[in-house]
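Have a look; sequence and predicted model below, questions after that.
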Amino acid sequence: MSVSSRAAAIAFLLLAGALAVGTARAQPVRVVGDHFADQYGRTLILRGVNLAGDSKIPVDPNRDPRAVSFIGRPAPLASIDRDLLRLRSCGFTVLRLLVPWEAVEHAGPGVYDRAYLRYLREVVRHAGRFGFTVFIDPHQDNFSRAAGGDGAPYWAVRALGIVSDVPPDRGGWPGPGKPRPVYEITPSLAVGATLDTVFFAGNDLANDVRIDGRPAEDYLQDHYIAAFRQVAAALSGLSNVLGFEPMNEPFAGYIGEADLRRLNLLALLNPLAERVTDWDLLQAASGFSIPGHPGLVPHDVWAPGKDIWRREGLWRVVAGHPVLLRPDYFARVHGKPLEFTTYLGAFQRKFTVAVRDVLPHAILFQEGSVTDPGSMPEVGLPNVVLAPHFYDLYNLLNRRFVPYRTVDLASGKQIVGRGAVEGLYTQQLLGLRSEAERIGDPVLIGELGIPYNMNDAVAYQTGDFRDQARQAALLYEALDKALVSYTIWTYTPDNTNQDGDHWNGEDFSIFSLSQQTHSADITSGLRTPDVIIRPYPLATAGTPIALAYDADSRFLRYRFRRDAAIRAPTEIFIPRYAYPRGITFRVSAGKAVFDASRHILYLSGGAGDVEVTVHPALTTSSGRRRR
């Protein structure tokens, strides 16, 4: 062993030992009314990451789709402990673990990848050893890789008569396993919308479509749910499994659309996109050129006679040209308006009942429609967490940081100024939290983050990540103020500047091998670490009231109302990265003790409202109280 590798190994073991004290086992997390709590009754704030960005695709996406493997996603078992240690050193305690339907049932209907399920169990078991709780995210975007996204196995798409992958772009089809970005306006969006519509509402909107003699909606949903019952069974007996989401970013497709001649959603949100309608995209996906849109390359995805919406009488061909007959086809059934939340709620309930038959205490992490994340369907079940996503879509879709400028999509107004942008974020987050409190459920933001390749990825040439840090600071400071739990999108162990998160041109990972300069330093490779590695209250003996942290000064202020009936102390995570020389602190009531080996500031005693402030120490001592 070389000197450098020996030093790296010693550093790894020392940090592992420090983190292992009191954290060798994931702590129980319960849903109690509108908040998370531990076994002592303390209020928990959960912070973690999505693991991982490249779990959307197989290890070798160019293989026959029936023979692919997801073993090694999110990371090989031989190396995953170091990733888990890195994340634990940041203070994260929860993982949203991506598991696409394709990973479980790629070989064919009812044929499950048992080797992958065994691998998945080991990933969760390893996570538990590092103190992580885990919930499963059945991830999808635009329904399937066969539609240019990820999620469903190829056979589920082919069974509906879609026999061609999404169309080529202007420069030509990039090849198997390299889908066109779903952010762009291509006929793939019509394919994904069709698949979502049939999956959720096929019995009402495509009731003549059958797969193996069964209604398509029933066939697809039953196979999907059965696959994730297999996941639940594979994880049975692991105490660190929190629960399941029924589906990532569920999309209504065309359900409830009043007029197909409206602009496509991405065309509305992305000023760089072509201004095309959903009807334009449907025509292009059936092989027709669209006048006035030469960039929208037509590509017929249907087997002969299988075009679902043409068969349903939505449109027909007249003199060689498509003619839309029923622009409001998806708006009503039997004279009644269609609401996506009705279909989504029925599916979420069906999914959760099936999973809880295997894991009775599984929490339902519930998302609303991706186009209306604050609107949650009623499922009539206990033990529910609202888990919407939160992005600045202006920044996300354009991948550009214009200093302290965004757009309020609700009003269409431009927001300018640091305080104004952060204020908008905080207002939106507090709105989500208020909705959760009204329903009586906790809220956890399932995804949030920034594209690190913003501004044409210039930071990768200059090494200057200040714009990324500014954008991230706005987001995380607003999250602190809103006192919400979250899991960051994303952590991708094999991210590089060149390949990003290996899907769709995305590059959101808070870690990159390209930024890793010192293998012995567990935090090396983290992007904007000053912002993402933050002190925060892990467990509060009472009710959190206010939290603020400034990454520049590293000044923390936390206020809570103490519950005298809770005997366990309040615990605040104090990251070594942010406070390498220790801390000074002041507490308004009770007493405080800093345990540097566990990176925890313990607060006990006091009554009523208690406030604690933390500053970096100016000495090399591990920490002292400021009087």
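That came through fine.

In terms of residue numbering, what are the domains of the protein?
45-257+335-532, 536-625 (automatic domain parsing).

Determine how far the last residue of the longest one lies from the first.
The separation between the terminal residues of domain 45-257+335-532, taken as C-alpha to C-alpha, to the nearest Å, is 15 Å.

tell me the phi and psi of the residue positioned nearest the centre of the chain?
Residue closest to the average C-alpha location in the chain (C-alpha atoms, centre = their mean): residue 447, at 3.5 Å. With angles defined as degrees, to the nearest 10, residue 447 sits at phi -140, psi 140.

Contacts only, for it.
Going by C-beta atoms under 8 Å, 6 or more residues apart in numbering, residue 447 touches 50, 96, 389-391, 487-490. C-betas here are computed from N, CA, C, even on glycine.

close enough to count as contact, residue 138 and residue 245?
Yes - contact status for residue 138 versus residue 245: in contact at 6.4 Å, counting by C-beta atoms under 8 Å.

More neighbours: which of these two?
residue 245 (26 against 23; other C-beta atoms under 10 Å).

Low-confidence stretches in the stretch 51-200 of the chain?
Along the stretch 51-200 of the chain, segments meeting pLDDT under 70 span 165-182.

hmm, try it at 80
For the stretch 51-200 of the chain, applying pLDDT under 80 flags the ranges 164-184.

All the helices of it, residue numbers only.
Here the stretch 51-200 of the chain has its helices, by DSSP state H, counting those that start in this stretch, at 80-89, 101-105, 114-129, 154-158, 188-205.

Kindly report the same for the stretch 251-400 of the chain.
Here the stretch 251-400 of the chain has its helices, by DSSP H, counting those that start in this stretch, at 265-269, 278-285, 308-311, 340-356, 393-398.

closest to residue 442 out of these?
helix 340-356 (16.1 Å; C-beta to C-beta).

And that closest one, what's buried?
340-352, 354-356 (16 or more other C-beta atoms under 10 Å).

ok, of those, which one's closest to residue 261?
residue 340 (19.5 Å).

what sits against the closest one?
So residue 340 contacts 200, 252, 255-256, 369 (C-beta under 8 Å, 6+ apart).

Just the buried residues out of the residues you listed, in PyMOL syntax.
The buried subset of the contacts of residue 340, as determined by 16+ other C-beta under 10 Å, is captured in PyMOL by this line:
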select buried, resi 200+252+255+256+369
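
Just put the contacts of residue 340 in JSON lines and tack on distance to residue 34.
Shown next, in JSON lines, are those (distance: C-beta to C-beta, whole Å):
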{"residue": "200", "distance to residue 34": "28"}
{"residue": "252", "distance to residue 34": "27"}
{"residue": "255", "distance to residue 34": "30"}
{"residue": "256", "distance to residue 34": "29"}
{"residue": "369", "distance to residue 34": "22"}
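
Let me know the closest of the contacts of residue 340 to residue 409.
Taking the contacts of residue 340 together and measuring to residue 409 by C-beta to C-beta, the closest member is residue 369, at 14.5 Å.

Now do the strands in the stretch 101-250 of the chain.
Secondary structure of the stretch 101-250 of the chain (DSSP state E, counting those that start in this stretch): strands located at 133-137, 210-211, 214-215, 241-244.

what sits up against the longest one?
By C-beta under 8 Å, 6+ apart, the surrounding residues in contact with strand 133-137 are 26-27, 29, 46, 50, 93-99, 124, 127-128, 228, 231, 235, 240-245, 248, 363, 365, 446.

Direction included, what does it pair up with?
strand 94-98 (parallel), strand 241-244 (parallel) (DSSP bridges).

can you redo those as JSON lines with mean neighbour count?
Converted to JSON lines, those look like this (neighbours: other C-beta atoms under 10 Å):
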{"stretch": "strand 94-98", "mean neighbour count": "26"}
{"stretch": "strand 241-244", "mean neighbour count": "25"}
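
Would you mind giving the ones you listed as JSON lines with distance to residue 436 added?
Below are these laid out as JSON lines (distance: least, C-beta to C-beta, whole Å):
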{"stretch": "strand 94-98", "distance to residue 436": "17"}
{"stretch": "strand 241-244", "distance to residue 436": "16"}
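
Those strands: which one's closest to residue 544?
Judging the strands paired with strand 133-137 by C-beta to C-beta, what sits closest to residue 544 is strand 94-98, at 17.0 Å.

Alpha carbons only: can I get the closest one in PDB?
In PDB, the C-alpha atoms belonging to strand 94-98 read as follows (Å, rounded to 0.1, in the frame of the first residue of the first chain):
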ATOM      1  CA  VAL A  94     -32.600   9.800   4.700                       C
ATOM      2  CA  LEU A  95     -32.300   8.500   1.200                       C
ATOM      3  CA  ARG A  96     -34.900   8.500  -1.600                       C
ATOM      4  CA  LEU A  97     -33.800   5.400  -3.500                       C
ATOM      5  CA  LEU A  98     -34.600   5.300  -7.200                       C
END
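
Run the angle between it and helix 114-129 for me.
170 degrees (axes from the mean of the first three to the mean of the last three C-alpha atoms, to 10 degrees).

what's near enough to touch residue 384?
Neighbours of residue 384 in contact, by C-beta under 8 Å, 6+ apart: 31, 363-364, 366, 441.

Residue 287 too?
Residue 287 neighbours (C-beta under 8 Å, 6+ apart): 298-300.

Could you pick out the buried ones from those residues?
Neighbour-count burial (16+ other C-beta under 10 Å) is assigned, among the contacts of residue 287, to 299-300.
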